[in-house]
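Colleague: okay, here's the prediction I keep looking at, along with the sequence it came from:
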Amino acid sequence: MQCTTLYSRENHRWMTFGQDPDKPGNVIDTNQLVVADGDTAMLLDPGGAEIFPQMIAGLTRKVQVDHVRHIFVSHQDPDVCSSLPLWRKVCPSDVKVYVPSIWTGFVAHFDPNTRVTAIPDQGMEVSVGRVRLRILPAHYLHSSGNFHVYDPAARVLFTGDVGGALMPSGGRGDVFVNRFDHHVQYMETFHRRWMGSPAARDAWVAMVSRLDIDILAPQHGLMFKGDDVKRFIQWFGSLDIGTGVSAFAQA
């Protein structure tokens, strides 16, 4: 599993783990993010159970597993958090697991013994070492209870499925988008169908447009940096989403 450092200053780091050539072909590719400061780290959307062996092997080359004191779960999907019971076995016993409040009872189906901190609808702040992270609402994009994570010091925004792309096999190369117009083809169908609420999208665009963002990091596909962050936000803000409702007229 490939690890790329997105940000590093003093003891404050953001890393992404993904592009695993050994994952099963029928398993969607995911990015697992880690933010670390000193001897404390948080996993963001730690991934599915099927990639846990590769992920733990990659992580421990960069971060001691007993430094993982926090796990953030953006929403309830299995590619986001079905590995939770496995992480609980290797992380410190008091690791804090943050889950959207409406999904705590559902995520418990992966591991009923996981002690979770419910994220309120308006979000919250979490300290990772000296770093203060903002957990921001992103409801209905695509999940009805959904959150993103913003680091104002690193200017990194983790966006879960927003910004995600379904890349062709062997077609990723660099971890960052380098031709935005070309990359749109891998995002468009995914966003039109999976993002269900134009009102929520508009509220999210207004919210993140007020942030200083150098890197926008989704859970699938490539990362955006520099001017491509603004290009993505503008593109997403004008996209026709929620297209699945057209099926009702055909039923």
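Modeller: It's in. Because the structure is predicted, anything quoted here is derived from the model rather than measured.
Colleague: so for residue 22, what's the pLDDT?
Modeller: What the model reports for residue 22 is a pLDDT of 70.
Colleague: in the stretch 51-200 of the chain, which spans are strands?
Modeller: 68-72, 96-100, 116-119, 124-128, 131-137, 147-151, 156-160 (DSSP state E, counting those that start in this stretch).
Colleague: columns distance to residue 28 and mean neighbour count on top of these, output as CSV?
Modeller: C-beta here means a position set from N, CA and C on the backbone, and glycine is covered the same way. Compiled in CSV, those are given as follows (distance: least, Cβ to Cβ, whole Å; neighbours: other Cβ atoms under 10 Å):
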stretch, distance to residue 28, mean neighbour count
strand 68-72, 19, 23
strand 96-100, 21, 22
strand 116-119, 24, 18
strand 124-128, 27, 15
strand 131-137, 24, 19
strand 147-151, 19, 24
strand 156-160, 13, 26
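Colleague: turn those into JSON lines, including mean pLDDT.
Modeller: Converted to JSON lines, the strands of the stretch 51-200 of the chain look like this (pLDDT from 0 to 100):
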{"stretch": "strand 68-72", "mean pLDDT": "98"}
{"stretch": "strand 96-100", "mean pLDDT": "98"}
{"stretch": "strand 116-119", "mean pLDDT": "97"}
{"stretch": "strand 124-128", "mean pLDDT": "98"}
{"stretch": "strand 131-137", "mean pLDDT": "98"}
{"stretch": "strand 147-151", "mean pLDDT": "98"}
{"stretch": "strand 156-160", "mean pLDDT": "98"}
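Colleague: now those as a markdown table including distance to residue 221?
Modeller: Formatted as a markdown table, those follow (distance: least, Cβ to Cβ, whole Å):
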| stretch | distance to residue 221 |
| --- | --- |
| strand 68-72 | 19 |
| strand 96-100 | 23 |
| strand 116-119 | 25 |
| strand 124-128 | 25 |
| strand 131-137 | 20 |
| strand 147-151 | 16 |
| strand 156-160 | 11 |
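Colleague: compare these and give me the one nearest residue 2.
Modeller: strand 156-160 (17.6 Å; Cβ to Cβ).
Colleague: what does the closest one rub up against?
Modeller: 6-7, 14, 33, 35, 44-45, 74-75, 80, 138, 141, 146-151, 208, 211, 213-219 (Cβ atoms under 8 Å, 6 or more residues apart in numbering).
Colleague: which of the strands of the stretch 51-200 of the chain sits closest to residue 198?
Modeller: Checked against Cβ to Cβ, the stretch from the strands of the stretch 51-200 of the chain lying closest is strand 131-137, at 16.0 Å.
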